[in-house]
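Student: no sequence on this one, just coordinates:
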Ligand SMILES: [Fe+2]
């Protein structure tokens with residue numbers, strides 16, 4: 001099924017928002033969801049999430065816009081595995097284990113950059129952008145090495161809708177089809193501005209949940225998002241295993257005077273797309289963020305945020321507008337982090353069986369339902385280890 005067609009167009013979402021505003025309602029799930037508290041603190045459960053879901057499936061790794069030129073690369077850990085994605089001279093993006101075939105040091109040392117070749121800083125072994133081993137200093141010291149077999153370890157990767165997806169194991173045809181069905185999320189006109197990383201002392205699922213409902217806007221964000229948004233008004237859609245939650249701004253009411261055919265969401269609402277399991281694409285006025293919520297352990301999540309902009313022309317004026325928006329969003333993010341950190345702190349002592357997610361929190365229920373379905377259904381298969389040889 002084409003996931004793109006499962007999502008309403010802007011005009012339909014705006015209509016639904018205005019109806020909710022008029023009738024003081026919001027989208028409701030068919031049922032509440034109970035998630036065992038144990039699922040946030042059990043090391044076995046965490047290991048299953050990592051081994052059988054996060055490292056088993058294609059996950060959005062970085063925006064295509066960070067890899068425009070041949071030689072442009074993005075390097076970071078994906079659930080504990082060092083990965084580098086690089087655009088080749090043929091225009092294709094490839095992903096590799098970021099480890100030299102000699103002694104395993106990282107061949108891409110920075111989070112982003114552009115290089116003619118990937119050169120290991122340890123002994124200078126050099127790889128072409130397609131991962132082939134191209135040069136060994138004092139190569140006569142390795143008389144038995146098969147150079148054709150000495151390239152970087154390739155990982156499955158594909159570009160889709162402005163995102164680069166990487167899988168640490170060869171994905172099933174069904175997983176590949178799920179990526180192929182995604183709509184275009186980051187249009188070509190968006191330029192990569194920067195990437196920031198923050199560690200938050202909370203379980204990765206708590207970090208994901210923070211993006212999936214607007215029920216907390218008034219309480220958590222009284223001086224940031226609440227003044228410009230509504231209390232508990234969202235349009236929530238599911239597409240495949242993924243969610244899209246629309247957070248409307250109060251200025252959306254100006255669209256009542258605009259012909260429905262001419263209504264567009266940009267500037268009137270934020271779409272938060274959750275790409276199952278741990279990636280968020282959030283649209284804001286003038287910019288889009290790709291946020292990867294990287295588990296660093298059961299109780300730590302690295303928030304890796306790629307900022308993209310279609311307004312940023314490199315001028316100081318554009319820089320100032322972006323900086324203002326970012327300091328506002330950063331304040332809101334700090335408010336979320338404080339709440340998430342406090343949930344994590346109380347987990348060990350929490351005697352309750354479940355967290356109960358209400359009818360306003362249906363996107364969270366969908367997230368947990370997908371995770372549970374995969375963990376219950378999958379039998380681990382290790383027949384296709386990509387790292388052999
Ligand atoms: Fe929030």
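Tutor: Alright, I've got the coordinates. What you are looking at is a predicted structure, and each value in this text was computed from that prediction instead of being measured.

Student: give me every residue that touches the residue lying closest to residue 109 once chain neighbours are set aside.
Tutor: Counting by C-beta to C-beta, 6 or more residues apart in numbering, the nearest residue to residue 109 once its immediate chain neighbours are dropped is residue 121, at 6.1 Å. From N, CA and C alone the C-beta is placed, and that goes for glycine too. The neighbourhood of residue 121, defined by C-beta atoms under 8 Å, 6 or more residues apart in numbering, consists of 105, 106, 109.

Student: let me see the backbone angles for residue 121.
Tutor: Backbone torsions of residue 121, given as degrees, to the nearest 10, read phi -70, psi -10.

Student: any chance of the contacts of residue 121 in a markdown table, with pLDDT too?
Tutor: Below are these laid out as a markdown table (pLDDT from 0 to 100):
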| residue | pLDDT |
| --- | --- |
| 105 | 98 |
| 106 | 98 |
| 109 | 89 |
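
Student: look up how far residue 202 lies from the residue nearest to residue 352 when sequence neighbours are not counted.
Tutor: The spatial neighbour of residue 352 that comes closest, neighbours along the chain excluded (C-beta to C-beta, 6+ apart), is residue 37 at 5.7 Å. The gap separating residue 37 from residue 202 is 14 Å, by C-beta to C-beta, to the nearest Å.

Student: so these two - more neighbours on which side?
Tutor: Ranked by neighbour count (other C-beta atoms under 10 Å), residue 37 and residue 202 place residue 202 first, with 26 against 17.

Student: show the model's pLDDT score for the more buried one.
Tutor: The predicted local distance difference test score for residue 202 is 98.

Student: quick one: secondary structure of it?
Tutor: Residue 202 falls in the coil class when you classify it by DSSP: H, G, I helix; E, B strand; the rest coil.

Student: now residue 86
Tutor: In three-state terms, and counting by three-state DSSP, residue 86 is strand.

Student: what sits against the residue nearest to residue 352?
Tutor: By C-beta under 8 Å, 6+ apart, the residues touching residue 37 are 347, 350, 352, 353, 354, 355.

Student: check residue 245 too.
Tutor: With contact set as C-beta under 8 Å, 6+ apart, residue 245 has these partners: 211, 212, 213, 214, 234, 235, 236, 237, 271, 272, 274, 363.

Student: of those residues, closest to residue 305?
Tutor: Distance to residue 305 across these (C-beta to C-beta) is lowest for residue 211, with 11.8 Å.

Student: give the contact list for that closest one.
Tutor: If you count contacts by C-beta under 8 Å, 6+ apart, residue 211 has them with 245, 272, 274, 280, 282, 291.

Student: pull out the buried residues from the helix or strand of the chain with the lowest mean pLDDT.
Tutor: Every helix and strand of the chain was ranked by mean pLDDT, DSSP states H and E. The lowest is helix 316-347, at a mean of 90. Residues 321-322, 325-326, 329, 332-333, 335-337, 339-340, 343-344, 347 are the ones in helix 316-347 that count as buried (16 or more other C-beta atoms under 10 Å).

Student: roughly how far is whatever helix or strand comes next after that helix from the heart of the chain?
Tutor: Using DSSP states H and E, the next helix or strand after helix 316-347 towards the C-terminus is strand 354-357. Relative to the centre of its chain, strand 354-357 is centred 24 Å away, using C-alpha atoms, centre = their mean, to the nearest Å.

Student: each with direction, which strands does strand 354-357 pair with?
Tutor: Strand pairing for strand 354-357, determined by DSSP bridges: strand 33-36 (antiparallel).
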